[in-house]
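Undergrad: Structure, please.
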Amino acid sequence: MAVSHRKFEVGERIYHQDYGVGMVVEVRPRPFFDVLEVAFEDGVRRLNSNHPKVGEVPARVPETPSRPNPHTETKPSRPKRGSTAVPRPRRAERNGTTEAKVAITDLDGPAKSESADAIQELAPESEPAAETPPRFAFTDAEALSLDQGSVEELLRLTTPTGDLGAGFLFHVQAARLSLTHGFRDLLALSAVRDMDRHDFQVNAVLRVLRQMRGRAILADEVGLGKTIEAGLILKEYVLRGLVRRALVLTPVSLMSQWREELRHKFDLPFEIRTRGERWADHPFLIASIDTAKTERHREEIGAAEFDLLIVDEAHRVRNHLTQGWKFVDALSLKYLLLLTATPVQNDLRELYNLVTLLKPGALGTYRAFRKEFMVRGDKRLPKNTRTLARMLSRVMVRTSRSSTALPFPNREVKILPFEMTKEERALYDGVAEFVRDAVELAAEKDAPRWNFLLMVLQKEMGSSAVAATRTLERCRPMFEGGKQARALRKLIDIGRAVKRQSKAEGLVELIKEQDGDKVIVFTQFRRTLEFLEQRLSEEGIRAALFHGSLDPKRKDQAIEAFRGKIPVLLSTEAGGEGRNLQFCRNVVNYDLPWNPMRIEQRIGRVHRLGQTRDTRIWNFSTRDTVEDHVLSILHRKIQMFELVIGEMDMVLGHWSDRESFENEVFRIWTRVRNPEERRLAFEEFGDQLALARQRHERVKDFDESIFSRLEISPALAGEEGEG
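TA: Below you'll find the model as predicted:
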């Protein structure tokens with residue numbers, strides 16, 4: 001319901017009153033809002049035209065349209081550009097001094113003077129106007145000057161408590177924003193946690209906000225924190241009320257990493273979209289770009305009206321003929337961030353396509369771009385580089401590792417081989433044959449469900465006998481009466497008989513050798529975690545536990561304990577996401593994930609910006625296991641541990657955009673029974689990945705050659721002005 005709204009001018013201040021409610025809000029003089037409008041452009045609604053409704057009060061002036069409530073409306077309407085909600089205060093000079101005057105102004109109409117009788121008309125409709133005394137007394141009917149008593153009464157009016165303080169908090173936020181001139185200062189820097197602040201990242205964020213209006217390519221070299229820059233930009237817009245809905249599109253392998261980073265560091269409640277959910281169900285959403293670009297999802301995503309879109313690994317939408325490029329191009333977005341360390345992979349047309357997504361026409365037509373900036377006969381070689389660099393600086397931020405002068409510590413990678421005990425080997429080989437038989441016997445329609453269960457069992461066997469035996473026990477009812485029931489019972493008996501595990505004994509020795517230097521031990525399974533805690537406790541070694549089942553408070557307590565006097569952190573994959581642990585430099589991969597991105601996340605907790613010491617990584621391995629083959633491929637074939645954090649996903653992208661690394665590993669392990677043939681199959685798989693790395697290196701060198709010529713830098717951008 002509408003609330004009658006009038007403005008009172010007292011000296012240099014303006015007060016707004018909702019009649020019948022008694023709410024008075026001080027609004028700053030008009031020049032403050034002129035500054036805000038310039039800073040926020042047309043994306044921000046004017047703060048002085050959106051006063052909250054404090055209660056359900058009958059309208060006193062039917063002609064006044066109802067005002068939107070910013071606390072209850074999901075998307076309040078915004079005034080048209082150029083409209084004026086509150087006029088400038090008027091002052092009059094009398095005898096050389098300024099006298100307080102009252103101008104009564106309808107919020108949605110022009111200012112006009114009214115007599116005391118007009119004020120009386122605003123009384124409640126249930127009471128006769130003649131019997132209702134005026135709310136305020138006026139000493140001069142022509143100038144409508146308030147007497148001193150009325151001024152004091154006006155100032156004593158307070159906001160009623162019915163809104164639980166929402167109106168007060170809204171105006172506190174408005175006042176805070178009014179003191180921030182444009183994007184001179186970043187509000188987000190005081191609203192993030194567990195993040196190292198680097199000048200090049202802050203400067204990149206300011207350039208995107210001030211000069212690029214939130215539409216930019218973040219093309220920093222791998223490992224410099226493009227995710228952090230994108231998160232800061234998003235957080236800044238959210239704090240200022242400019243973004244209420246945001247979508248992050250990223251490869252499947254990086255979705256959980258994005259969610260943890262945005263939740264933990266930026267306190268943004270992002271959710272990963274699951275099958276069956278609508279795209280509008282969550283205001284902050286993460287999804288696979290391959291899912292989003294399909295025809296059946298495009299229209300729904302467009303209807304969800306996201307304010308900001310972040311596309312990670314944006315080189316995947318570099319081709320204007322693909323579904324991905326057309327999908328992003330068709331969206332109506334206020335803000336768009338494209339993240340890629342390699343904007344160009346084949347020729348300069350790809351760079352033109354990415355810029356066109358951000359600002360169509362910024363580089364002219366492709367024909368004109370090709371004529372002016374591409375060497376004839378070689379689409380990979382730019383010309384007129386000074387002009388091209390100046391044009392790209394309007395939409396691109398690119399920082400090289402060499403320009404930051406940041407120290408990047410080395411990695412010392414060691415493989416520790418172990419021989420299984422006799423009982424462990426019998427259990428491992430028995431489980432492997434059991435899994436292969438189950439895959440063969442599974443009906444085609446049930447294959448995906450069985451593959452998941454059997455893959456987990458095989459992974460657990462590579463972790464610890466304790467974890468695998470417990471899963472075998474839980475699977476027993478599923479195989480009861482079947483062909484494998486007898487084999488299953490035998491495996492359970494073997495697993496229960498395992499008393500000593502060679503990797504656990506090796507871990508105890510390794511930790512003792514560190515002489516108090518902190519160690520993070522990663523495993524994929526909770527039961528292995530608990531087993532290791534017990535084994536270390538028997539040796540008098542204290543360890544903190546970190547896993548996904550802990551609530552946020554207990555997770556923080558575990559990290560703080562590890563930061564303090566406890567020398568060992570036993571962690572599942574949850575510890576590889578969203579936490580900075582640079583105070584430790586020793587990482588033990590007790591079991592090895594089949595997904596290389598998981599390994600990267602583990603290492604990335606300690607080997608990252610801010611680490612001052614060389615990082616030591618121990619990979620535990622046992623002969624003739626799946627993990628042995630995976631480690632051989634990653635370490636020997638593609639030298640994964642020499643790659644910078646973030647590069648492995650790019651290598652996998654060159655191998656396949658559709659096939660999963662771990663699915664290929666499981667396929668070879670279960671379908672090839674002959675040991676020698678299996679070894680050759682893994683060798684061939686490794687060769688494919690080695691070729692993918694070579695392609696990645698060529699692309700990286702090509703990009704470096706282009707941008708070293710272009711010299712994209714803040715200095716060039718500064719020539720354009722802030723705009």
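
Undergrad: Check what pLDDT P593 gets.
TA: Note on P593: pLDDT of 89.

Undergrad: Quick one: the helices in the stretch 101-250 of the chain, in order.
TA: Under the criterion DSSP state H, counting those that start in this stretch, the stretch 101-250 of the chain contains helices at 116-120, 148-156, 166-178, 199-210, 226-239.

Undergrad: Any idea how far apart the tips of stretch 598-616 sit?
TA: The first and last residues of stretch 598-616 sit 17 Å apart, counting by Cα to Cα, to the nearest Å.

Undergrad: just to revisit the earlier point, which of the helices of the stretch 101-250 of the chain has the lowest mean pLDDT?
TA: Averaged per stretch, pLDDT over those is lowest on helix 116-120, reaching a mean of 38.

Undergrad: So Q514 versus T523, what's the distance?
TA: 18 Å (Cβ to Cβ, to the nearest Å). Every C-beta, even on glycine, is put in place using the N, C-alpha and C of the backbone.

Undergrad: go on, D701?
TA: On the measure of Cβ to Cβ, D701 and T523 end up 38 Å apart.

Undergrad: Between the two, which is the more surrounded one?
TA: T523 (26 against 10; other Cβ atoms under 10 Å).

Undergrad: pLDDT at the nearest residue to that one once chain neighbours are set aside, what is it?
TA: In this structure, T523 finds its nearest non-sequential neighbour in Y590, 4.7 Å apart by Cβ to Cβ, 6 or more residues apart in numbering. Note on Y590: pLDDT of 94.

Undergrad: Then E530?
TA: Looking at E530, its pLDDT reads 93.

Undergrad: now swap in the one 5 residues further on and tell me
TA: Reading off the confidence values, R535 has pLDDT 94.

Undergrad: burial of the residue nearest to T523, as a residue count?
TA: 23.

Undergrad: separation between it and L581?
TA: 16 Å.

Undergrad: now D312
TA: With distances taken as Cβ to Cβ, D312 is found 23 Å from L581.

Undergrad: Backbone dihedrals for the closest residue to V508 other than its chain neighbours, both of them.
TA: Take V508 and drop its neighbours on the chain: the residue closest to it by Cβ to Cβ, 6+ apart is E539, 5.3 Å away. When quoted as degrees, to the nearest 10, the phi and psi of E539 stand at phi -90, psi 0.

Undergrad: cool, the one 5 residues further on as well?
TA: The phi and psi values for A544, taken as degrees, to the nearest 10, are phi -100, psi 140.

Undergrad: again with the one 5 residues further on
TA: Its backbone dihedrals place S549 at phi -80, psi -10, with angles given as degrees, to the nearest 10.

Undergrad: Tell me the predicted confidence for the closest residue in space to it that isn't next to it in sequence.
TA: Excluding the flanking residues, the one nearest S549 by Cβ to Cβ, 6+ apart is R526, at 7.2 Å. The model reports R526 with a pLDDT of 92.

Undergrad: Report how many residues lie close to R526.
TA: Counted with other Cβ under 10 Å, R526 comes out at 15.

Undergrad: Could you do the one 5 residues further on as well?
TA: When neighbours are defined as other Cβ under 10 Å, F531 has 20 of them.

Undergrad: got the phi/psi numbers for the residue nearest to S549?
TA: Residue torsions, per degrees, to the nearest 10, at R526 are phi -60, psi -40.

Undergrad: I301: how many residues sit nearby?
TA: Residues near I301, counting by other Cβ under 10 Å: 22.

Undergrad: go on, the one 4 residues further on?
TA: A count of nearby residues for E305, using other Cβ under 10 Å, gives 14.

Undergrad: my guess is it is in a strand, correct?
TA: No: with DSSP: H, G, I helix; E, B strand; the rest coil as the criterion, E305 is located in coil rather than a strand.

Undergrad: Nearest residue to F531 in space, ignoring adjacent ones along the chain?
TA: Nearest one to F531, counting by Cβ to Cβ, 6+ apart, is V466 at 4.5 Å.

Undergrad: The one you found falls within a helix, correct?
TA: Yes: using three-state DSSP, the assignment for V466 is a helix.

Undergrad: Is it in contact with R527, as I believe?
TA: Yes: using Cβ atoms under 8 Å, V466 is in contact with R527, at 5.5 Å.

Undergrad: between those two, which one's more packed in?
TA: Higher neighbour count among V466 and R527: V466, with 21 against 17, using other Cβ under 10 Å.

Undergrad: Check whether I415 sits in a helix, strand or coil.
TA: strand.

Undergrad: Show the contacting residues for it.
TA: Residues near I415 by Cβ atoms under 8 Å, 6 or more residues apart in numbering: W618, N619, S621, L631, H635.

Undergrad: ok, now L206?
TA: Here L206 is in contact with F183, L186 (criterion: Cβ under 8 Å, 6+ apart).

Undergrad: in this structure, which helix or strand is least confident?
TA: In the chain, no helix or strand scores lower on mean pLDDT, DSSP states H and E than strand 105-106, which sits at a mean of 34.

Undergrad: now stretch 632-652: mean pLDDT?
TA: 76.

Undergrad: ok, residues contacting the host helix or strand of L536?
TA: Taking DSSP states H and E as the criterion, L536 maps to helix 526-538. Residues outside helix 526-538 that contact it (Cβ under 8 Å, 6+ apart) are 460, 463-464, 466-467, 470, 504, 507-508, 511, 521, 523, 542-543, 545, 547, 549, 568, 570-572, 590-591.
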